[in-house]
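A.B. asks: How does the following fold in three dimensions:
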Amino acid sequence: MTVLLTADDIKQRLATLHSERLDAAIPTDEPSAYRYVRPFYSTYESIVEALENPDSRIMLGLPAIDVLTRGFGPKELIYISGFAHSGKTQLVNTMITHNLDKRILFFSMDDPAEMILLKLACMTSGFNADILERRIRQGDEEAKVALKTAAIDTFQNLIVVDESLGLGAMTKAVEEARTYWGADPDCIVIDYLELLQGNSFSDDASANVKAKSQSLKRWEIGRAHV
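C.D. replies: Residues are numbered from 1 along each chain as shown. A predicted model of the protein is given here:
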């Protein structure tokens, strides 16, 4: 029997053959004796994983930015910078509301957990913050239900640690979060960098930020950061 192949058939078969050869060339055993060196083919795998599974990445919830950045994922250190009261924490809160399925550990070294809950409840329920607080003080059941729903249901994957900690204590908090969830956090938020404690940091503001950034990059927990 004679089989006739079109030009497209031939191109497809050649592409498949080339792909199979590339797959066969990738070693199956990862080198275990190295700490800093990794095979370059693992870079290809991480790119494909990110592009084929965009839902696994953290998006800020702002389409114009998310389209350009494609979100962020494990081992990526993301900075949100700006003047005081310019909306940095609000951007983080927006990110949280758009990633309700993600396990987020929020180190809030500035705002208490209660304030974060009030803000997130208002963002998801449509309540004005002043009105929500006033109605709760007045014993309004609808307002209390909105706040309770946010804490128990809507943001069940969120953990807020509202203490100013150093990296050692934060590592312990990450381990506690893993135990609580039974899984790794998908994202770790630190708000904000200047309040990160440590005895080795200098008093100079710019040098302090640089030293703390370097410490965060060395912080070996293998997850995503903000």
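
A.B. asks: show me where this protein has helices.
C.D. replies: Assigned by DSSP state H, the helices in the chain fall at 7-25, 41-52, 63-69, 88-97, 113-125, 129-137, 141-149, 167-181, 205-218.

A.B. asks: for the fourth one, packing partners?
C.D. replies: Secondary-structure packing of helix 88-97 (3 or more C-beta pairs under 8 Å, 6 or more residues apart in numbering; DSSP states H and E): strand 104-108, helix 113-125, strand 187-191. Quick note: C-beta positions are derived from backbone N, CA and C, even for glycine.

A.B. asks: Can you mark which positions in it are buried?
C.D. replies: Within helix 88-97, the residues scored as buried using 16 or more other C-beta atoms under 10 Å are 88-89, 91-97.

A.B. asks: And the helices of the chain: which comes nearest Gln197?
C.D. replies: Nearest to Gln197, of all these, is helix 167-181, at 8.1 Å by C-beta to C-beta.

A.B. asks: quick one, that closest one and strand 104-108 angle?
C.D. replies: Using axes from the mean of the first three to the mean of the last three C-alpha atoms, to 10 degrees, the inter-axis angle of helix 167-181 relative to strand 104-108 is 140 degrees.

A.B. asks: Quick check: mean pLDDT of helix 167-181?
C.D. replies: Taken as a whole, helix 167-181 carries a mean pLDDT of 92.

A.B. asks: Using PDB, write out the CA atom coordinates for that helix.
C.D. replies: Extracted C-alpha coordinates of helix 167-181, given in PDB (Å, rounded to 0.1, in the frame of the first residue of the first chain):
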ATOM      1  CA  LEU A 167      14.200  35.800  59.300                       C
ATOM      2  CA  GLY A 168      14.800  33.100  62.000                       C
ATOM      3  CA  ALA A 169      11.300  33.600  63.500                       C
ATOM      4  CA  MET A 170       9.800  33.900  60.100                       C
ATOM      5  CA  THR A 171      11.300  30.600  59.100                       C
ATOM      6  CA  LYS A 172       9.500  29.000  62.100                       C
ATOM      7  CA  ALA A 173       6.300  30.800  61.100                       C
ATOM      8  CA  VAL A 174       6.600  29.300  57.600                       C
ATOM      9  CA  GLU A 175       7.000  25.800  59.100                       C
ATOM     10  CA  GLU A 176       3.900  26.400  61.300                       C
ATOM     11  CA  ALA A 177       1.900  27.500  58.200                       C
ATOM     12  CA  ARG A 178       3.000  24.300  56.300                       C
ATOM     13  CA  THR A 179       1.800  22.200  59.200                       C
ATOM     14  CA  TYR A 180      -1.500  24.200  59.400                       C
ATOM     15  CA  TRP A 181      -2.200  23.800  55.700                       C
END
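
A.B. asks: Check which helices and strands that helix is in contact with.
C.D. replies: Applying 3+ C-beta pairs under 8 Å, 6+ apart, we find helix 167-181 packed against strand 104-108, strand 158-161.

A.B. asks: picking that back up, between the helices and strands packed on helix 88-97, which one is closest to Ala177.
C.D. replies: When the helices and strands packed on helix 88-97 are ranked by proximity to Ala177 (C-beta to C-beta), strand 104-108 comes first, at 4.9 Å.
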